[in-house]
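Undergrad: Here's a sequence, model it:
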Amino acid sequence: MLKRSCQHVIFLKDELNNLLPKNSTAFHIKKEMGEYLWRTLENNGIKHLHFPNNLTKAKTAHRPIESLYRWISYCGGLSPTWYDDPLDGEIYSDDKAIVVGCTKPSECKNENEAWKVHQFVTLGLWIIDSEFNRYGDEHVANGMLNEQGNNIYEVIEHRAACIEFAYQALTYALKVKAEIKAKKEKKGGLATSSLKLLTRREAERLVKLKIPTSGKWKSAAIAAKSIENEVRQFAIATGWRMSEERGRTTIAGWLREMSEASTLFETKSGTSASKRTTSTS
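TA: Reported below is the predicted structural model:
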């Protein structure tokens, strides 16, 4: 476990740090920011993340990093002025020095957009740098307790959970970065067909990610219904307008055309998939 976990930790730290420029505000307050987000998720659940009414606790309570993604997507996450000292308005780094030479997210649109990505990055780094070793050393004889009062299985389980959450933080950081890029490209004249293709690729990713424990979906139509809301959210984020009436039909059509369709679905449709014409919108 030790060797494998070390390899994961090295990879995660490298990838997360690559997403955090040294001239960004978040770089200087990454420890404080990451800890704040972690404690909010760990101790208070999602009730302090100020979700819209349609995002209920039942939908997100067991998926904390996804909860953070929804909070950031719908509400922007932490305020861009969250870190400002209330007395003098300065930014103080993790070592309590005044930060100079970086642009505040509240003062620059590009930095404000990057702020959304940086929230996931600082959370992931906090999990790896600080939370990972909280249960103590895993080099303890079976049946014995380490200096923190935990046995080897508790330590391994905790570290595995930390690695899983850190990977989720990295995944959502990359997802938000891609969504921001897609929006910018659209404003620069990216064709609607390209935005539609991005949404289609997201649907294909989701249907494989959320495959039932049986190993196959009953049909493409059932799978489309299951992932429809998330696909629509992605479409909104990228700037592509999906048909309100035919969106689910469009998604189902995409899924039936996947090269892996035969391994993903028990039936491609309710009847004959080969005779169906894929709907577009």
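
Undergrad: quick one: low-confidence parts of the stretch 1-150 of the chain?
TA: Within the stretch 1-150 of the chain, the ranges that satisfy pLDDT under 70 run 1-5, 42-63, 84-90, 99-111, 138-141.

Undergrad: Ok, the stretch 151-281 of the chain next?
TA: Applying pLDDT under 70 to the stretch 151-281 of the chain picks out residues 185-192, 268-281.

Undergrad: swap the cut-off to 90 and go again
TA: For the stretch 151-281 of the chain, the stretches with pLDDT under 90 are 151-165, 175-198, 213-214, 233-246, 260, 267-281.

Undergrad: how close does residue 98 get to residue 28?
TA: Computed as Cβ to Cβ, to the nearest Å, the residue 98 to residue 28 distance reads 10 Å. (C-beta placed from N, C-alpha, C; glycine too.)

Undergrad: Likewise for residue 177?
TA: Shown here: residue 177 relative to residue 28, a distance of 20 Å by Cβ to Cβ.

Undergrad: Counting neighbours, go ahead and name the busier of these two.
TA: Applying other Cβ atoms under 10 Å to residue 177 and residue 28 shows that residue 28 carries more neighbours, namely 23 against 17.

Undergrad: Please identify the buried residues of the helix or strand hosting residue 32?
TA: Per DSSP states H and E: residue 32 is located in helix 30-44. Within helix 30-44, the residues scored as buried using 16 or more other Cβ atoms under 10 Å are 30-38, 40-41.

Undergrad: so what secondary structure elements neighbour the host helix or strand of residue 224?
TA: Using DSSP H and E, residue 224 sits in helix 220-238. Applying 3 or more Cβ pairs under 8 Å, 6 or more residues apart in numbering; DSSP states H and E, we find helix 220-238 packed against helix 152-187, helix 192-209, helix 247-256, helix 261-264.

Undergrad: Just put these in TSV and tack on distance to residue 241.
TA: Shown next, in TSV, are the helices and strands packed on helix 220-238 (distance: least, Cβ to Cβ, whole Å):
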stretch	distance to residue 241
helix 152-187	11
helix 192-209	8
helix 247-256	10
helix 261-264	26
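
Undergrad: This completes my enquiry, with thanks.
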